[in-house]
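Undergrad: quick one: sequence and predicted model below, then my questions.
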Amino acid sequence: MGAPAGNNNAGKSRAFYGALSRAIAQDDGERIRRAAEKLLDLAAEGEAWAVKELRDTLDGKPAQAVEVGGIGGGPIEQSLKVVFGSE
């Protein structure tokens, strides 16, 4: 299922990505290299959020568990109705 009609959040994300990409290119990548080094330093110092960010970037985000249940957390009810001809 896609976003509701009129939702342009994806476009905003692309606009920011484009602006960030241009800024990085104009800076010859110097600041992004320093930012990456700072992230590595923080992870090495034990900053949990920095370790998580590196893991998610390098290995991909871990799969999230999804628990499915029926109404009120009960079992999912199933029914099957077979009709031959017309009722």
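TA: Received the coordinates, thanks.

Undergrad: from Asp27, how far out is Arg34?
TA: 10 Å (C-beta to C-beta, to the nearest Å). Yep, even glycine has a C-beta here, placed from its N, CA and C like the rest.

Undergrad: same check, this time on Ser13
TA: 21 Å.

Undergrad: state the pLDDT value of the residue nearest to Pro75 when sequence neighbours are not counted.
TA: Spatial nearest neighbour of Pro75, excluding adjacent residues (C-beta to C-beta, 6 or more residues apart in numbering): Gly69 at 7.3 Å. pLDDT recorded at Gly69 is 82.

Undergrad: so Leu42 sits against Ala50, correct?
TA: Yes. Counting by C-beta atoms under 8 Å, Ala50 is a contact partner of Leu42 at 3.8 Å.

Undergrad: in which helix or strand would I find Val82?
TA: Val82 is part of no helix or strand, with elements assigned from DSSP states H and E.

Undergrad: and for it, the neighbour number?
TA: 4 (other C-beta atoms under 10 Å).

Undergrad: how much space between it and Gly72?
TA: Distance from Val82 to Gly72, by C-beta to C-beta: 29 Å.

Undergrad: do the same with Leu80
TA: On the measure of C-beta to C-beta, Leu80 and Gly72 end up 23 Å apart.

Undergrad: quick one, phi/psi of the residue nearest to Pro75?
TA: phi -150, psi 170 (degrees, to the nearest 10).
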